[in-house]
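>>> Okay, here's the prediction I keep looking at, along with the sequence it came from:
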Amino acid sequence: MTGTGIGAPVRRKEDQRFITGQGRYTDDLARPGQAHAVFVRSPHAHARIKAIDTAEAAAMPGVVAILTGDDLAADQIGGLICGWMIHNKDGSPMRAGPHPALAQGKVRYVGDHVAVVVAETLAQARDAAEAVSVDYEPLPAIVETGKAKGAGVVVHDEAPDNVVYEWHLGDKDATEAAFARASHVTRLDLTNNRLVPNPIETRAAIGEYDAGTGGYTLYTTSQNPHVARLVLSAFIGIAPEHQLRVIAPDVGGGFGSKIFIYAEETVCVWAAKKVGRPVKWTSDRTEAFLSDAHGRDHVTHAEMAVDENGKIIGLRVHTTANLGAYLSTFSSSVPTYLYAPLLSGQYDIPAIYAEVDGVYTNTTPVDAYRGAGRPEATFVVERLVEVTARQLGMDPAKFRKKNYIKRFPHQTPVIMNYDVGDYAASLEKAMEIADYKGFGKRKRESAKRGKLRGIGFSSYIEACGIAPSQAVGSLGAGVGLWESAEVRVNPTGSIEVLTGSHSHGQGHETTFAQLVSDRLGVPIDTVNIVHGDTDKVQFGMGTYGSRSGAVGMSAITKAIDKVIAKAKKVAAYALEASEGDIEFEDGRFKVAGTDKSLAFGEVALQAYIAHKFSGQDLEPGLKEGAFYDPTNFTFPAGVHICEVEIDPDTGVTTIARFTAVDDFGVVINPMIVEGQVHGGIAQGVGQALMEAAIYNESGQLVTASYQDYQMPRAGDLPSFQVGMTVTPCPSNPLGIKGCGEAGAIAAPPAVINAVTDAIGHEDIAMPATPQAVWRAVHKTRVPMAAE
Amino acid sequence: MAIVSMTVNGKPVTADIDPRTLLVEFLREHLRLTGTHVGCDTSQCGACVVHMNGAAVKACTTLAMQADGTTVTTIEGLASGADLHPMQAAFREHHGLQCGYCTPGMIMTAVDMVNRLGGDLSEETIRTELEGNICRCTGYHNIVRAVETGAKAMVGAPVRQAAE
Ligand code: FES
Ligand code: FES
């Protein structure tokens, strides 16, 4: 099977439909008789709703219905939920306010859902939405992360000081003792800028109700349709689980923002029954800026303690994390369990203590965005390491190497048990590819042209393949985090694989088929991957946290093993041999020591014909399912090196070179994996240099379109130099670690370390826009009269 | 209402439409040609790029009325018969797409670029010319390779063996 098996850069099966315009994204679907929904959204960041007058709008042409929070309440539809319970330092539970899908009594951020207008056409729904008159009593708003705690403005009565939780992790006493005996302490105040995920396909939903069967269908742009179904049925109470089908067809990117269960799809399903017609909603871009969960938004004070030998002995972190106006589906876990356990980075740090305050503000809810918690942790660690090295006068690469964890498994002081890794190998390879030795020469050449050149490192680690159900359960998760798969072999030997993970650009239809083709020795074109439909796939947890390879493909592997075991029994009958003598090799079942054999497809046929055995001895058919629950997280790690050139006259930073060397364990399709790295780096560079969601004091999002929120374009980026090292992951059958988030995690500190190196400053806030860089440069070089 | 007529992907079409209908709405909703996508409302992302009389336009900011009497080509009409257009083939070969959502617009922009500038495009030219298109998935690295290769193939020039 060489050419299409594990490790081959197979061209993607899904591309044919995408490059010819035949993809089927949610907005491409039109259901017979569908009506269109437009949401009336709050223009205020914080206000009491005194009255909603829908009379004028309801009389407008084409209007089918206008529904509000009162209608939701009357139908006893529950609010949106947060699925991860976090406990305060004293053991008390976090304080979560209610989150109705349509506001009840109060709005808490600009864009909050007040009512929905359903009309014959989209234009009519828009016109009528404009005419809905809402009487608001505006209230003062709080938007700033660092000032939310005890601000006096109360977002939810349940949290009068706006504190959702005050959480901690690590050993405080041991960490204080380490700092007490340190010979050097580095201190940094860091902001992790708030980002908008911005998949190019905006969210969309179509709700449908079949009065004949009592069944509901939801077509939606989701990364995890099964979890959506579970939440909509078990918690929100829209329909019983067996009467609700959720289909996530082709999805145009997610980056985390399409994991969550949002108000809009909830309302579309509910409204479909109320109006007796399919109800379709498609977000426009500005709505997406306002209503898709944002990412990051941390304010952190961080300290690193070093002893006289240049060895890191302690790390202390205090972070305030903005969770926005409501707790989104996984939001509570992101700045806690997905963040603090990664604060050890790749380093052997004996004592770590982290405190995290989660706060409410009058802003869009914040939840997981590509990397979720891991980029925030890596930024803290890698900025501290870089600055420490410089303050100690050490080469940052040497300082890192000296402090790397060298023996595995390694238990960090913050939960994680790293299974395997070779951090120095990635560093050395990255330095070679980046031509670190030649940097001085390039810097001098830049200087001759009046430019500033800098180089920055980032050694990152992340915890992927999230995770053993037992472990996440003990940390407060409301669900298990395994994956399911079913392998269905047809009588002709072709194969359908049903997976609970979801593809929205990652190429699963190809990679998963490669695995099956490799294991069963069948041509890749005879394998079909089915995902994203709860009526076809029994259950799954979806795709996020780079879990599809390590967890999803492991479930498929387990199911394949069962198929082979069953097929051996069939082959034994067909070949008139004893089962113990059957070997499976190169796609054939052979009788050991003879030349008797049958191809996989022939055995499949025998399994269905069932002439050679009786149904009493062996069940006909060849179809097996498996659930796979990992035994540990996986730990992809690597080193990214960024080289920048800055024009001191304009403050413009150009990424001159970007090198990434990653250890993702075993790689199924290197072409796809490299593509994932490229995309992640682009998002990381975006965070470092240009992207930021900015609220003004009254709580208006002033970056609510592509005109105001700068997205990386082709001209902002170089071509990347990508390399890999491999230490196979010991905790899953394939040795896979996961690759989707690496770039977004590693790039921001690499870029900022390079920028600070170039300008000779210890710190610059993200995004390092030309104006910020220009100011930083001129503070050093030419003191300005005004400053 | 107003009557518009145009040739879309080689077929003449006539329709009675609301004059405010955008070209992208006309293509997607009236003709059910859903390959042309919408990614923004400010004409910034390029997901909606089609060709009007052979030149790239953003269909999200073109009224269907403005296309009256023109010849429009969308991603669905780019290939001739079953054979992929060389630019489509190059995107697949170089993994120039992930979720595929920006892809139709990217390919239409790339074809227009070659029509205007010829097949010998430097990396810098390609990156500059892609300024009206956003891809959130690929980081552009592979898109640039794809456009380079597709451009050469379009003019029939020998394609240099890709290094990766
Ligand atoms: S949809 Fe036309 S430019 Fe974005
Ligand atoms: S491939 Fe997803 S936006 Fe470009």
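It's in. Ligands and ions are numbered 1, 2, ... in the order given.
>>> When you work out contacts or count neighbours from here on, use the C-alpha atoms and nothing else.
Will do.
>>> now the strands for chain B?
Using DSSP state E, the strands of chain B run over B:2-8, B:11-17, B:49-52, B:55-58, B:71-73.
>>> got the contact list for the most centrally placed residue in chain B?
In chain B, the centroid-proximal residue (Cα atoms, centre = their mean) is residue B:108; its distance is 1.9 Å. For residue B:108, the contacting residues are B:49-51, B:56, B:74-75, by Cα atoms under 8 Å, 6 or more residues apart in numbering or on different chains.
>>> Which ones, among these, also lie beside chain A?
residue B:75 (Cα under 8 Å from any Cα of the partner chain).
>>> what does the stretch 251-400 of chain A have sitting close to ligand 2?
A:252-253 (Cα under 6 Å from any ligand atom).
>>> which stretches of chain B have low pLDDT?
Low-confidence segments of chain B (pLDDT under 70): B:157-164.
>>> who in it is up against ligand 1?
B:38-41, B:43-48, B:58-60.
>>> The residue of chain B found nearest ligand 1: how many residues sit nearby?
Nearest residue of chain B to ligand 1, counting by Cα to the nearest ligand atom: residue B:43, 3.4 Å away. By the measure other Cα atoms under 10 Å in any protein chain shown, the count of residues near residue B:43 is 20.
>>> Isn't it up against residue B:61?
Yes: taking contacts as Cα atoms under 8 Å, residue B:43 lies within contact range of residue B:61: 6.4 Å.
>>> Quick check: beta-bridge partners of residue A:641?
Beta-bridge pairing of residue A:641 under DSSP bridges involves residue A:457, residue A:659.
>>> That one: neighbour count?
Neighbours around residue A:641, by other Cα under 10 Å: 28.
>>> Also residue A:593?
Residue A:593 has 9 neighbours, counted by other Cα under 10 Å.
>>> which residues does residue A:162 contact?
Counting by Cα under 8 Å, 6+ apart, residue A:162 makes contact with A:148-151, A:154-156, A:359-361.
>>> run the last query once more with 10 Å
A:95, A:142, A:147-156, A:325, A:357-361 (Cα atoms under 10 Å, 6 or more residues apart in numbering or on different chains).
>>> can you give me the helices in chain B?
For chain B, applying DSSP state H gives helices covering B:23-25, B:86-93, B:103-117, B:123-129, B:141-154.
>>> And the stretch 351-500 of chain A, by the same measure?
Along the stretch 351-500 of chain A, the segments classed as helices by DSSP state H, counting those that start in this stretch run A:374-392, A:396-403, A:423-433, A:439-448, A:469-474.
>>> Out of those, which is the most enclosed?
The highest mean neighbour count among the helices of the stretch 351-500 of chain A, using mean count of other Cα atoms under 10 Å in any protein chain shown, belongs to helix A:374-392: a mean of 24.
>>> Helix A:396-403 and that one, what's the angle between them?
Counting by axes from the mean of the first three to the mean of the last three Cα atoms, to 10 degrees, helix A:374-392 points 110 degrees away from the direction of helix A:396-403.
>>> what number of residues lie near residue 75?
This is for chain A. With other Cα under 10 Å as criterion, residue A:75 counts 12.
>>> that's the wrong chain, I meant chain B
28.
>>> One more: residue A:649?
Residue A:649 has 12 nearby residues by other Cα under 10 Å.
>>> And residue A:92, by the same measure?
So residue A:92, with other Cα under 10 Å, has 11 neighbours.
>>> mind checking how far it is from ligand 2?
As defined by Cα to the nearest ligand atom, to the nearest Å, residue A:92 lies at a distance of 42 Å from ligand 2.
>>> That residue and residue B:116, how far apart?
66 Å (Cα to Cα, to the nearest Å).
>>> Also residue B:66?
For residue B:66 relative to residue B:116 (Cα to Cα), the value is 22 Å.
>>> hmm, back to that, what do residue B:43 and residue B:61 both touch?
Joint contacts of residue B:43 and residue B:61 (Cα under 10 Å, 6+ apart) are residue B:49.
>>> got the residues of chain A near ligand 2?
So chain A meets ligand 2 at A:200, A:252-253 (Cα under 6 Å from any ligand atom).
>>> could you pick out which of the residues you listed are near chain B?
A:200, A:252-253 (Cα under 10 Å from any Cα of the partner chain).
>>> Pull out the buried members of these.
Among these, those buried by neighbour count (16 or more other Cα atoms under 10 Å in any protein chain shown) are A:200, A:252-253.
>>> residue contacts, residue A:291?
A:41, A:109-113, A:196, A:203, A:257, A:262-264, A:283, A:285, A:363-365.
>>> Make TSV out of the helices of the stretch 351-500 of chain A and add mean pLDDT.
Below are these laid out as TSV (pLDDT from 0 to 100):
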stretch	mean pLDDT
helix A:374-392	97
helix A:396-403	97
helix A:423-433	98
helix A:439-448	98
helix A:469-474	84
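>>> Let me know which of those helices is the nearest to ligand 1.
That would be helix A:374-392 among the helices of the stretch 351-500 of chain A, by Cα to the nearest ligand atom, at 28.6 Å.
>>> Now find how far off-centre that closest one is within its chain.
23 Å (Cα atoms, centre = their mean, to the nearest Å).
>>> which helices and strands does it pack with?
Judged by 3 or more Cα pairs under 10 Å, 6 or more residues apart in numbering or on different chains; DSSP states H and E, the packing partners of helix A:374-392 are strand A:184-192, strand A:298-306, strand A:312-322, helix A:396-403, strand A:452-461, helix A:742-759.
>>> could you redo the last one with a cut-off of 6 Å?
On a contact count with 3 or more Cα pairs under 6 Å, 6 or more residues apart in numbering or on different chains; DSSP states H and E, helix A:374-392 meets helix A:396-403.
>>> Extract the CA atoms of the helix it packs on and return them as PDB.
What follows is helix A:396-403 as a C-alpha-only set of coordinates in PDB (Å, rounded to 0.1, in the frame of the first residue of the first chain):
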ATOM      1  CA  PRO A 396      18.500  32.500  25.100                       C
ATOM      2  CA  ALA A 397      19.000  29.200  23.300                       C
ATOM      3  CA  LYS A 398      21.600  28.100  25.800                       C
ATOM      4  CA  PHE A 399      19.500  29.100  28.800                       C
ATOM      5  CA  ARG A 400      16.600  27.100  27.400                       C
ATOM      6  CA  LYS A 401      18.700  24.000  26.800                       C
ATOM      7  CA  LYS A 402      20.100  24.200  30.300                       C
ATOM      8  CA  ASN A 403      16.700  24.200  31.800                       C
END
